[in-house]
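Colleague: I would like to see how this sequence folds:
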Amino acid sequence: MLTKAQIQRIAQRNGIAMQVQERDYLQHLLLWLLYSRGQELTFKRRPEEVEVRRELVTSEYDDVRPFVITVLTPGHLMAEKIRA
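Modeller: Purely as a prediction, here's the structure:
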């Protein structure tokens, strides 16, 4: 994990508050941890054909390695939003 001083330097470089940078860092760590445990998360009860693509996720944080995740295509995501 990064130290407070490292997060502070990144926050200054990005021109944002340290709390915002800490939240961003924790989100990156959480996504990486979820990815490392597998991508079999299910958010719906019924199986459904969905349009997906693979995306490379990179981070500005040295201790979060790049990884590839499967995501909904923008068109399918918009269709889900409209349907909701």
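
Colleague: Show me how far the helix or strand hosting residue 31 is from its chain's centre.
Modeller: In this assignment (DSSP states H and E), residue 31 forms part of helix 18-36. Mean-position distance between helix 18-36 and its chain equals 8 Å (CA atoms, centre = their mean, to the nearest Å).

Colleague: ok, now stretch 70-78?
Modeller: For stretch 70-78, the distance to the chain centre is 15 Å (CA atoms, centre = their mean).

Colleague: Next: stretch 28-41.
Modeller: 9 Å.

Colleague: What are the contacting residues of it?
Modeller: 1, 57, 59, 61, 64, 65, 67, 69, 70 (CB atoms under 8 Å, 6 or more residues apart in numbering). (C-beta placed from N, C-alpha, C; glycine too.)

Colleague: if I look at the most centrally placed residue in the chain, how far off is residue 18?
Modeller: For the chain, the residue sitting closest to the mean C-alpha position, by CA atoms, centre = their mean, is residue 31 at 4.7 Å. Distance of residue 31 to residue 18, computed by CB to CB, to the nearest Å: 20 Å.

Colleague: same question, residue 82
Modeller: 38 Å.

Colleague: and what of residue 28?
Modeller: 15 Å.

Colleague: who's more crowded, the two?
Modeller: Higher neighbour count among residue 28 and residue 18: residue 28, with 17 against 14, using other CB atoms under 10 Å.

Colleague: Can you list the buried residues in the helix holding residue 31?
Modeller: For helix 18-36, the buried set under the neighbour-count rule, 16 or more other CB atoms under 10 Å, comprises 21, 22, 24, 25, 28, 29, 32.

Colleague: Over to stretch 68-84?
Modeller: residue 76.

Colleague: coming back round to it: just the pLDDT for the residue nearest to the centre of the chain.
Modeller: pLDDT recorded at residue 31 is 84.

Colleague: next one: residue 63
Modeller: Residue 63 is assigned 87 on the pLDDT scale.
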